[in-house]
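> Provided below are the primary sequence and the corresponding predicted coordinates.
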Amino acid sequence: MAVTPEHYSLLYRILKRGVPAKVEVEVRNRIGEQVEQAVNLAGEIPGTDLKDEVVMIGAHFDTWHTSPNASDNTSGFAVVLEAARILTAAGVKPRRTIRVALWSGEEQGIHGSREYVHAHC
């Protein structure tokens with residue numbers, strides 16, 4: 001379990017002023033081999049004459065609970081979506097199919113991308 005810097009700082013300031021603070025936490029957790037509720041998202045920009053060849057662009061859309069900002073991996077997610085948006089808006093007709101994949105379960109052991117590879121490669 002982790003406390004974000006913002007919450008820690010708030011508690012620190014409250015206690016520094018002599019105001020009593022109480023934190024109540026309920027944690028429910030299971031450990032197992034089965035991945036639950038992990039979902040991959042995928043979309044394609046169809047290719048023309050080489051449509052059976054695929055160019056992948058991807059990122060994971062889960063995040064690490066102690067990540068201090070958008071570096072893990074909100075920024076990668078945004079870049080992938082923006083690249084697909086620009087290509088579509090520009091009316092690009094690529095020779096190869098461009099597949100956009102957004103994986104889940106990466107922070108828990110690269111589950112999403114591994115399952116994608118098992119299903120498609």
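Sure thing, it's come through. Numbers count the residues shown, from 1 in each chain.
> Pretty sure residue 107 sits against residue 63.
Yes. The pair residue 107 and residue 63 qualifies as a contact (Cβ atoms under 8 Å) at a distance of 6.8 Å. C-beta coordinates here come from the backbone N, C-alpha and C atoms, glycine included.
> quick one: low-confidence ranges for this protein?
35-36, 65-71 (pLDDT under 70).
> helices or strands up against the helix or strand encompassing residue 116?
Assigned by DSSP states H and E, residue 116 falls within helix 111-120. Other elements packing on helix 111-120 under the criterion 3 or more Cβ pairs under 8 Å, 6 or more residues apart in numbering; DSSP states H and E are strand 50-60, strand 96-103.
> repeat that for 7 Å
Using 3 or more Cβ pairs under 7 Å, 6 or more residues apart in numbering; DSSP states H and E, the elements in contact with helix 111-120 are strand 96-103.
> Name every strand pairing with the strand it packs on and say which way it goes.
strand 41-45 (antiparallel), strand 50-60 (parallel) (DSSP bridges).
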